[in-house]
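> Give me a 3D structure for the following:
(2 chains)
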Amino acid sequence: MGVKLLLAKAHIEGIRGFDVYRREGGYQSVEKALKQMSPDSVTEEVKKSGLRGRGGAGFPAGMKWSFIAKPEGVPRHLVCNADESEPGTFKDRYLMEFIPHLLIEGLIVSSFALNSNDTYIYIRGEYAWIVDILEDAISEAKANGFLGKNILGTGFDCEIHVHRGAGAYICGEETALIESLEGKRGNPRIKPPFPAIEGVWKRPTMVNNVETLASVVPIINMGGEEYAKIGIGKSTGTKLISACGNINKPGVYEIDMTISVEEFIYSDEYCGGIANGKKLKACIPGGSSVPILPANLLLTTAKGETRYMNYESLSDGGFASGSMMGSGGFIVLDEDQCIVRNTLSLARFYRHESCGQCSPCREGTGWMEKILHNIEYGKGKISDIDLLWDIQRKIEGNTICPLGDAAAWPVAAAIRHFRDEFEWHVNNPLEAQEKNYGVAHYADPIHVPVTA
Amino acid sequence: MVKFSESQLAEFNRLVARYPEGKQKSALLPVLHLAQDNFGGWLSSETMDYVAELLNITPIEVYEVATFYSMYNTKPVGKYMFEVCQTGPCMLRGSDDIIAYIEKTLGIKPGETTADGLFTLKTVECLGACGYAPMMQLGKHYREHLTKEKVDAIIDECKKTAGVLN
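Model prediction:
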């Protein structure tokens, strides 16, 4: 059993309610921070902890906090990004649903560090029942003096408001989220200015992911230095992984980032192996946007070393032979899955979710979907594969926000590692309707030469 | 005539009070949810104009938002809307078969409503239930680990609630 900092108590009966949560040691970090620490020293602990943003980008959270502007007389806001929408990712939902007070506690401490008197939780609209859970937790915290005016007699005021979105992946991008919080379409803003300088209502705004803010609780309780000792290198602390796809035990797991990918997939403590006794074909280890890897490159790096479940190891080899930790949405594909079909499904997702502001993304995502549709349904040409490659290249880096990149990367990686499967579809259009390409050489424990 | 009741207006005021003074437009998304829930499950132009008036913004500011977000229905929908996820992780666990089964059972395609006005089928993109796939949203809640038998049971449950089936 690895260290569990966030979910260790998530299954204690009644932990969703304030009394049990408090009895189990909840809200101690609020007492410690507000009574014994200054806002800057809280930020300092988060910096020391090495905590990296858990939403996907992995940017150091403490450093991000230190960017917040402090103009005289202008209110600042902390906004919790609970717009979890990256396919494969359902960890924030789990945390909010089972142990909501952990998030509220983290939000109070973080609001104190950033001097946010009105803090918002932007939650995706579909998580409608979780809105009730959070609002109950907020009321309980308020009734017990941890929210509202003059918290614990320290003079710090804080209210937390839950703002429900309405179905738009793009609102997970922080400037689109801010636009949406202002009651507009979720069109990302051009940066700079960054939200830390000019965010919601033109006020300095800090947007952090649910898991990031919940992690502030153990950081304050144990101290940043102790937190940093968990994990390895720049992958400190614990990470929630939401595992799904063709595995025996889909679910949310808290890992300490020192375990290997192989152990994560095959051990009974985590995914419990591939379902129905099938073989592992491929995996998207960090949410649908990150590059898909064939089995052999997933379990070992191109250099033949064991690959681990952490930021550095998952990205070892760059995009040529590695992937990313991303949001921790771990999607496993077994030998019966078709890479073309899977890529088409994700391409449709990005076409649907493109806000339409930038032409490369608006047009490119639609073109990619149509071409993949043709290949999948036996109407593809060999030149289509190169055309797909060309289109994704022209989307990447040419849009206001990273949705363009997120749409381009899955297509690029699928072609990079599984080009022969695409060619087989084109060359055997009838057979491809009936049969699956299978695992081919992907599951072999040998090095796969990187094409493209 | 579209108009919030007194208790709905109280909820409207509670929503608006969350945002700084003069920033009442920020309440638009939550207020549209409130309107959709109370005015027949969709947003007519009359409803949208009413919301604009309440928030003191122009109607176009409401229309552009209502048409951007996938949860707002700008056309009438059935009493029960099956929003079935079809994105990658659900597809890996057989969502295509579930969608085909619902199409066959209800005799409608995605985007259509049954003649009796009871059911609408809508395919949606990732709802964050990938580990419990295949799944659908029905009203406020998720129905997960779907099988054909579960779909049948859900259809019966809806019919019973609607009083069509005893």
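> only C-alpha atoms for contact and neighbour calcs from this point on.
Noted.
> Export only the CA atoms of stretch B:149-164, formatted as CSV.
What follows is stretch B:149-164 as a C-alpha-only set of coordinates in CSV (Å, rounded to 0.1, in the frame of the first residue of the first chain):
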residue,chain,number,x,y,z
GLU,B,149,-31.5,-5.3,-19.3
LYS,B,150,-30.8,-2.1,-17.3
VAL,B,151,-32.0,0.0,-20.3
ASP,B,152,-35.2,-1.9,-20.3
ALA,B,153,-35.6,-1.4,-16.6
ILE,B,154,-35.0,2.3,-16.9
ILE,B,155,-37.6,2.6,-19.7
ASP,B,156,-40.1,0.8,-17.6
GLU,B,157,-39.3,3.0,-14.6
CYS,B,158,-39.9,6.2,-16.6
LYS,B,159,-43.1,4.9,-18.0
LYS,B,160,-44.3,4.0,-14.5
THR,B,161,-43.4,7.4,-13.2
ALA,B,162,-45.2,9.0,-16.0
GLY,B,163,-48.2,6.9,-15.3
VAL,B,164,-48.2,5.1,-18.6
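> quick one: average confidence on it?
Stretch B:149-164 carries an average pLDDT of 94.
> For chain B, what lies in contact range of chain A?
B:18, B:23, B:25-30, B:33, B:61, B:64-65, B:68-72, B:86-93, B:125-132, B:137, B:140-141 (Cα under 8 Å from any Cα of the partner chain).
> Quick check on those: which are buried?
The neighbour-count test (16 or more other Cα atoms under 10 Å in any protein chain shown) marks B:18, B:25-30, B:33, B:61, B:65, B:68-72, B:86-93, B:125-132, B:137 as buried among the residues of chain B next to chain A.
> Helices - which of the residues you listed land there?
The members of those that map onto helices under DSSP state H are B:28-30, B:33, B:61, B:65, B:88-92.
> tell me the secondary structure for residue A:284?
Reducing the assignment at residue A:284 to three states with DSSP: H, G, I helix; E, B strand; the rest coil gives strand.
> Where does residue B:115 sit: helix, strand or coil?
Classification of residue B:115 using three-state DSSP returns coil.
> Do a quick rundown of the strands in chain A.
Defined through DSSP state E, the strands belonging to chain A, from first to last, are A:77-82, A:118-123, A:159-164, A:205-209, A:231-232, A:235-236, A:239-245, A:251-255, A:280-284, A:293-294, A:329-334.
> can I get the CA coordinates of the fourth one in PDB?
Extracted C-alpha coordinates of strand A:205-209, given in PDB (Å, rounded to 0.1, in the frame of the first residue of the first chain):
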ATOM      1  CA  THR A 205      -7.900  35.600 -10.300                       C
ATOM      2  CA  MET A 206      -6.300  32.200  -9.400                       C
ATOM      3  CA  VAL A 207      -7.700  29.200 -11.100                       C
ATOM      4  CA  ASN A 208      -6.700  25.800  -9.700                       C
ATOM      5  CA  ASN A 209      -7.900  22.200 -10.100                       C
END
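> Tell me the helices and strands packed up against that strand.
The elements that strand A:205-209 packs onto, with contact taken as 3 or more Cα pairs under 8 Å, 6 or more residues apart in numbering or on different chains; DSSP states H and E, are strand A:77-82.
> The strand it packs on packs against which elements?
With 3+ Cα pairs under 8 Å, 6+ apart as the test, strand A:77-82 has helix A:100-114, strand A:118-123, strand A:205-209, helix A:210-222 packed against it.
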